[in-house]
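J.: below are the sequence and a predicted model; questions follow.
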Amino acid sequence: MSRLFICKNIVLEHTLLNGAVLVDPDGKVEKVIEADEICFVKNTRKILLGNDFLMAGIVDSHVHINEPGRTEWEGFESATKAAAAGGITTICDMPLNSIPPTTNVENLLVKAHAARDIIHVDVAFWGGVVPDNTDAFYGLIKAGVVGFKCFMCPSGVKEFECLNESQLDLAMKKLKGSNAPLAIHAELAICEPCTGNPQKYETFLKSRPEEMEIEAVKKIIEIGLKYDKIMLHIVHVSSAKTAKLIKDARLKGLRITSETCHHYLTLCSQEIPDRATQYKCCPPIRNRENREDLWLAFKEKQIDMVVSDHSPSTPDLKLLSPDDENFGDYMKAWGGIASLQFGLSLFWTGAKQRGFTFFHINKYMSRATSVLVGLHGSKGRIQENYDADFVVWDPHAICTINESDIYHKNKANPYMGREVLGKVLKTYVRGDLVYDSESKSKFMKSPKGKLLLDIDL
Ligand SMILES: NC(=O)NC(NC(N)=O)C(=O)[O-]
Ligand SMILES: [Zn+2]
Ligand SMILES: [Zn+2]
């Protein structure tokens with residue numbers, strides 16, 4: 001049966017519409033209509049959303065789900081529940097921290113089988129580039145990965161090795177013209193390991209200066225300019241200086257995009273306490289001035305999108321327990337921040353106070369990310385023939401992030417107790433309700449998410 005989502009605040013690309021979205025029985029948007037046309041629409045199930053805001057579901061293109069192999073770190077069920085509770089209707093799983101990593105089709109199939117019946121939102125997959133797996137690229141592309149991820153420095157897990165300059169060059173040579181983007185963790189280990197008290201954030205920050213990111217991006221640009229039609233993407237840009245470099249490279253004709261993350265836009269080094277390793281990520285969160293420059297970089301079109309880089313681990317690896325001999329050691333703790341469920345509120349809280357609008361949320365968190373991962377023909381906007389993936393939210397509600405509402409498998413995060421703007425009320429995937437903040441069970445018994453792959457399982 002068709003469904004009619006009636007709402008006074010439908011967030012379209014540039015307008016806020018008082019009207020309705022007609023969704024066909026297959027879960028595609030059939031038509032977006034004005035309020036005065038609603039009376040002519042017959043034989044539909046009406047969903048009345050009143051003054052709530054209806055927006056395209058968020059597409060988070062950078063999520064570490066870690067299943068199989070490290071499912072205790074997160075997993076498909078908990079990650080997709082957290083996503084649904086955060087208004088995220090598509091997540092793109094990174095190729096690492098799972099065992100096996102997604103470095104060939106066989107490993108992708110293992111992951112797909114693990115995910116198949118337990119996902120509450122749609123899941124797409126990045127392939128991984130490690131030394132000597134270029135022969136796997138063609139099969140992975142055919143199987144439907146959204147692109148490839150590689151590291152220029154140690155990834156944090158031994159089974160996902162980083163690339164040296166010639167291996168990076170070879171990966172670009174192999175991927176040019178494939179229409180598969182190469183997403184790169186851009187940090188070059190050019191500095192001496194830092195001495196100092198490892199329980200102080202400054203010690204960790206000094207050990208990974210922005211020069212590591214800047215020099216890596218310069219190297220990427222230098223190699224990339226050799227290959228026509230290579231599509232490059234710099235993940236989790238932490239420095240505003242890097243963002244400018246990337247924009248300048250684009251002006252030279254290189255197809256290169258960039259993302260930053262909620263933690264770089266929300267947090268700053270001056271506010272990070274000693275021994276608070278829930279704040280540790282690589283590259284590190286930098287100072288307040290850089291944070292404000294990152295926000296300005298969006299206005300300068302130097303950063304294209306914002307993602308979570310949700311990268312949790314178990315509490316013991318984050319060295320969060322005072323009983324641990326390495327308690328609060330920033331140099332030894334796992335690098336990765338958990339924020340998947342809070343992204344919409346984190347971004348909106350910072351964006352609203354800096355003059356950004358609802359349209360920027362849709363632009364940076366859904367449309368730009370859907371273009372990066374090649375889903376811009378079906379996801380990321382409310383438009384005819386697109387999947388009816390929606391988030392219904394109240395952008396005026398003030399909420400406090402607390403443990404009881406968190407669906408991540410591991411609750412540690414740098415946002416606990418933080419007051420944020422915006423509350424997700426309902427999330428829909430292809431017109432089907434997948435999360436309801438007001439229902440007792442919150443999630444549907446039969447998960448509605450789909451694997452976005454081109455393989456028959
Ligand atoms: N293995 C990881 O999950 N690494 C991630 N860790 C971070 N960002 O601290 C990343 O994206 O590099
Ligand atoms: Zn990374
Ligand atoms: Zn990551």
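T.: On my side now, so go ahead. Numbers count the residues shown, from 1 in each chain. Ligands and ions are numbered 1, 2, ... in the order given.
J.: tell me the pLDDT of residue 193.
T.: Note on residue 193: pLDDT of 73.
J.: okay, now it: neighbour count?
T.: Residue 193 has 8 neighbouring residues, counting by other Cβ atoms under 10 Å. Heads up, the C-betas are built off the backbone N, CA and C, glycines and all.
J.: what is the neighbour count of residue 154?
T.: By the criterion of other Cβ under 10 Å, residue 154 has 14 neighbours.
J.: an error on my part: the question was meant for residue 14.
T.: Around residue 14 there are 9 residues (other Cβ under 10 Å).
J.: so which strand or helix has the nearest residue to it once chain neighbours are set aside?
T.: Closest residue to residue 14 in three dimensions, ignoring its sequence neighbours and counting by Cβ to Cβ, 6 or more residues apart in numbering: residue 359, at 6.1 Å. Here residue 359 sits within helix 358-362, counting by DSSP states H and E.
J.: same deal with residue 59?
T.: Secondary structure assignment for residue 59, by DSSP H and E: strand 58-63.
J.: that strand: what's the following helix or strand?
T.: helix 76-85.
J.: coming back round to it: can you pull the contacts of the residue nearest to residue 14?
T.: By Cβ atoms under 8 Å, 6 or more residues apart in numbering, the contact list for residue 359 reads 11, 13-14.
J.: how many neighbours does the residue in the stretch 1-150 of the chain that ligand 1 sits nearest to have?
T.: Ligand 1 sits closest to residue 64 of the stretch 1-150 of the chain, with a gap of 4.5 Å, by Cβ to the nearest ligand atom. By other Cβ under 10 Å, the residues close to residue 64 number 26.
J.: can you list the low-confidence ranges for the protein?
T.: Nowhere does the chain drop to pLDDT under 70.
J.: what does it have sitting close to ligand 1?
T.: Residues of the chain lying near ligand 1 by Cβ under 6 Å from any ligand atom: 64, 96-97, 155-157, 185, 236, 281-282, 309, 311, 335-336.
J.: cutoff 8 Å now
T.: Residues of the chain lying close to ligand 1 by Cβ under 8 Å from any ligand atom are 62, 64, 94, 96-97, 151, 155-157, 160, 185, 235-236, 261, 280-283, 309, 311, 334-337.
J.: among those residues, which are in strands?
T.: Assigned to strands by DSSP state E, the following of those qualify: 62, 151, 185, 261.
J.: surely the first one and residue 306 touch.
T.: No. Between residue 62 and residue 306 there is no contact under Cβ atoms under 8 Å: 9.7 Å.
J.: who touches both of those two?
T.: Contacts common to residue 62 and residue 306, judged by Cβ under 8 Å, 6+ apart, are 259, 261.
J.: and the helix or strand residue 422 falls within, what other elements does it pack with?
T.: Secondary structure from DSSP H and E places residue 422 in strand 419-429. Here strand 419-429 touches helix 76-85, strand 88-93, helix 343-352, strand 390-400, strand 432-436, going by 3 or more Cβ pairs under 8 Å, 6 or more residues apart in numbering; DSSP states H and E.
J.: give me the helices and strands touching the helix ranked longest in the chain, please.
T.: Secondary structure of the chain read by DSSP state H shows that its longest helix is helix 210-224. Contact here means 3+ Cβ pairs under 8 Å, 6+ apart; on that basis helix 210-224 packs against helix 165-175, strand 231-234, helix 240-251, strand 255-261.
J.: excluding its backbone neighbours, what's nearest residue 225?
T.: That would be residue 254: by Cβ to Cβ, 6+ apart, it lies 5.8 Å from residue 225.
J.: which residues touch the one you found?
T.: Neighbours of residue 254 in contact, by Cβ under 8 Å, 6+ apart: 221, 224-225, 230, 232.
J.: coming back round to it: if I look at the residue nearest to residue 14, how far off is residue 258?
T.: For residue 359, the distance to residue 258 (Cβ to Cβ, to the nearest Å) stands at 20 Å.
J.: next one: residue 18
T.: For residue 18, the distance to residue 258 (Cβ to Cβ) stands at 35 Å.
J.: neighbour-wise, which of the two wins?
T.: Using other Cβ under 10 Å as the criterion, residue 18 and residue 258 rank with residue 258 on top: 25 against 15.
J.: end to end, how far does stretch 89-104 reach?
T.: 26 Å (Cα to Cα, to the nearest Å).
J.: which SS class is the closest residue in space to residue 167 that isn't next to it in sequence?
T.: Distance criterion Cβ to Cβ, 6+ apart; nearest residue to residue 167, sequence neighbours excluded, is residue 131 at 5.3 Å. Assigned with DSSP: H, G, I helix; E, B strand; the rest coil, residue 131 falls in the coil class.
J.: same question, residue 102
T.: Going by three-state DSSP: residue 102 is coil.
J.: okay, it and residue 191: tell me how far apart.
T.: Distance, residue 102 to residue 191, using Cβ to Cβ: 30 Å.
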